[in-house]
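Visitor: coordinates for the following, if possible.
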Amino acid sequence: IAMREKSLEVIDAAMASSDELRIQYAARQSSISNAYKKWIGQNMGLERFDAVKKKKQKEAAFLELADTKGNSEYVDALESLRKLHLDVRPYQLARDMFIEFYFYGPQILNFTRRVDALLAAIESEEPEEKVEDLREKAIRSVTNFYQDYDVNTDRKVFEALLGPYSEAVQKDLQPEALDVFHKKYGGDVEEYTDYVFSKSVFADQAELLKILQSGKAKKILKLQEDPAHELSASFLAGYTTDIKPSFDSLTAQIDAGMQIYMKGLMELYPDENYWSEANSTLRVTYGEVEGCIPRDGLQYMPTTSLDGVVQKYIPGDREFDVPERLLSLYESEDYGRYGSGGTLNVAFLASNHTTGGNSGSPVLNANGELIGLNFDRSWESTMSDLMFNPEICRNISVDIRYILFIVDKYAGAGWLLDEMNLKEK
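Guide: Numbering: from 1, shown residues only. Model prediction:
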């Protein structure tokens, strides 16, 4: 969460400074912030309902019952799981921080991989035609990358994340290339960042393209010694050799232990309901359209309408601007057959248990009629991946009437509706 927060602080500031950067980083900002907000919401819900305390109580009761019944296999399995979770912790942290730094942090590291196929072909003395094809692909890839890249913003992201990364991850699980940072630069984040970005040609579009366009093998192979490329390669190599094998081995043992623990739960508590193994199958969840009170003094109503959209309207704002056409339809209450009582429903809450991947799922009423499309959960509901609580867990769906209104009245594509079998009441 802290790594994402630091990235967002830099990117949000950059986006606010110019329209060009706002456009360049819009998609990346959204990608980074979605998980960040989800994790915060998860923690809020789990803390409010004492999830950890309840899990501990359940484990204690399980151990006592298993011991009473003489099921030493189950006692041993749970005790083993506790040790395994402690053993995997440094590798789990190193893995998570690698993902955050390498894939969601500074783009320059992942960017250097775009020339790897070309470098490998030159080193292995592949046919000239293949090398030339890869060289042209690399040039196109580099050119496309720079369309949505700002080196100053990326430099600030690198500087903001390097400190937290190096402090959190064990030294022996950090990439070898960071020895330069620790030894030569004494852990000085600013100086090391300056070294990487001032010396790396990957931070200079013109210089990088010049090298690639030269077609000279020796010159291109020199990219392997580039500080950004070296660091990137070292991150990947370190993850592959020092982190992943231990993490995979320990998590495999945890999975095996969980199977025994799950077997024990089902045997010792036969009257409880247990989930099915439903991976790769069609799933149906059910609930009711209903609001909730997620926190003291805060109430979520079951439905929202176009009134709420207009109430949040901020002209020119990247999140809350409203198209003129939609405002015009609202002011004239021209909702066609989709509105009711002078209003137009936009979304609704329901107590369905949803998770990542459910976006776009159809929402049906008791008669099997399509009434909406699921697309999100309320902030506090993100905890349902770990603990479902019917008091506050709510999924969010867009009302099918609003979808049809947008297609027909707003977009003027009513002819699409002629192809549908719409049922009205």
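Visitor: distance check, Ala203 against Phe197.
Guide: In this view, Ala203 and Phe197 are 5 Å apart by CB to CB, to the nearest Å. Placement of C-beta: from N, CA and C, glycine included.
Visitor: find residues that contact each of these two.
Guide: Shared between the contact lists of Ala203 and Phe197 (criterion: CB atoms under 8 Å, 6 or more residues apart in numbering) are residues Ile108, Val151, Arg155, Ala228.
Visitor: wait, isn't the last one in contact with Asn110?
Guide: No. Because the distance of 10.2 Å does not satisfy CB atoms under 8 Å, Ala228 is recorded as not touching Asn110.
Visitor: and these two? Which one has more around it.
Guide: Neighbours per residue (other CB atoms under 10 Å) separate Ala228 from Asn110, with Ala228 holding more: 22 against 16.
Visitor: for Lys6, see how far away that one is.
Guide: Ala228 is 20 Å from Lys6, by CB to CB.
Visitor: let me see the residues that make contact with stretch 41-56.
Guide: 1, 295, 378-387, 389, 392.
Visitor: can you give me the buried ones in it?
Guide: For stretch 41-56, the neighbour count (16 or more other CB atoms under 10 Å) marks Gly41, Gln42, Met44, Gly45, Leu46, Phe49, Ala51 as buried.
Visitor: and the helix or strand hosting the fourth one, what's buried?
Guide: According to DSSP states H and E, Gly45 maps onto helix 19-48. Neighbour-count burial for helix 19-48 flags 21, 24-25, 28-29, 32-33, 36, 38, 41-42, 44-46 (criterion: 16+ other CB under 10 Å).
Visitor: count of residues packed around the closest residue to Ser31 other than its chain neighbours?
Guide: Spatial nearest neighbour of Ser31, excluding adjacent residues (CB to CB, 6 or more residues apart in numbering): Tyr104 at 7.6 Å. Tyr104 has 19 neighbouring residues, counting by other CB under 10 Å.
Visitor: roughly how far apart are Tyr104 and Leu417?
Guide: 41 Å.
Visitor: residue boundaries of the strands in the stretch 301-425 of the chain?
Guide: Here the stretch 301-425 of the chain has its strands, by DSSP state E, counting those that start in this stretch, at 303-305, 345-350, 362-364, 370-377, 395-399.
Visitor: adding mean neighbour count, write the ones you listed out as a markdown table.
Guide: Converted to a markdown table, the strands of the stretch 301-425 of the chain look like this (neighbours: other CB atoms under 10 Å):
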| stretch | mean neighbour count |
| --- | --- |
| strand 303-305 | 17 |
| strand 345-350 | 21 |
| strand 362-364 | 16 |
| strand 370-377 | 18 |
| strand 395-399 | 22 |
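Visitor: between those, which gets nearest to Tyr165?
Guide: Closest to Tyr165 of the strands of the stretch 301-425 of the chain, according to CB to CB: strand 370-377, at 30.0 Å.
Visitor: so which elements touch that closest one?
Guide: Strand 370-377 makes packing contacts with strand 362-364, strand 395-399, helix 400-405 when contacts are defined by 3 or more CB pairs under 8 Å, 6 or more residues apart in numbering; DSSP states H and E.
Visitor: so can I have a markdown table of those showing distance to Ala16 and mean pLDDT?
Guide: Listed next are the helices and strands packed on strand 370-377 as a markdown table, based on distance: least, CB to CB, whole Å; pLDDT from 0 to 100:
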| stretch | distance to Ala16 | mean pLDDT |
| --- | --- | --- |
| strand 362-364 | 37 | 96 |
| strand 395-399 | 28 | 97 |
| helix 400-405 | 31 | 97 |
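Visitor: among the ones you listed, which is nearest Ser351?
Guide: Comparing those by CB to CB, strand 395-399 comes nearest, at 7.8 Å.
Visitor: can you give the distance of the closest one from its chain's centre?
Guide: Here strand 395-399 is found 20 Å from its chain centre; the criterion is CA atoms, centre = their mean, to the nearest Å.
Visitor: same question, stretch 53-71
Guide: Its chain's average C-alpha position is 35 Å from that of stretch 53-71, according to CA atoms, centre = their mean.
Visitor: so for it, what gets flagged as buried?
Guide: Phe62, Leu63, Leu65, Ala66, Asn71.
Visitor: element containing the first one?
Guide: Secondary-structure assignment from DSSP H and E places Phe62 in helix 51-68.
Visitor: what packs against the helix or strand that comes right after that helix?
Guide: Next helix or strand after helix 51-68 toward the C-terminus (DSSP H and E): helix 72-103. Where contact means 3+ CB pairs under 8 Å, 6+ apart, helix 72-103 is packed against helix 2-17, helix 51-68, helix 107-111, helix 151-168, helix 227-238, helix 244-268.
Visitor: let me have the helices and strands packed on strand 370-377 in JSON lines, extended by distance to Glu324.
Guide: Formatted as JSON lines, the helices and strands packed on strand 370-377 follow (distance: least, CB to CB, whole Å):
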{"stretch": "strand 362-364", "distance to Glu324": "30"}
{"stretch": "strand 395-399", "distance to Glu324": "22"}
{"stretch": "helix 400-405", "distance to Glu324": "16"}
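Visitor: pretty sure Gln174 contacts Ser166?
Guide: Yes. Between Gln174 and Ser166 there is a contact under CB under 8 Å: 6.7 Å.
Visitor: so those two - more neighbours on which side?
Guide: A side-by-side neighbour count of Gln174 and Ser166, using other CB under 10 Å, places Gln174 first with 23 against 18.
Visitor: and that one, backbone torsions?
Guide: phi -90, psi 150 (degrees, to the nearest 10).
Visitor: relative to Met97, how far out is it?
Guide: Gln174 is 9 Å from Met97, by CB to CB.
Visitor: mutual contacts of the two, please.
Guide: Both Gln174 and Met97 are contacted by Tyr165, under the criterion CB under 8 Å, 6+ apart.
Visitor: now for the residue nearest to Ser31: which residues touch it?
Guide: Shown in contact with Tyr104 (CB under 8 Å, 6+ apart): Met3, Arg4, Ser7, Ser31, Ile32.
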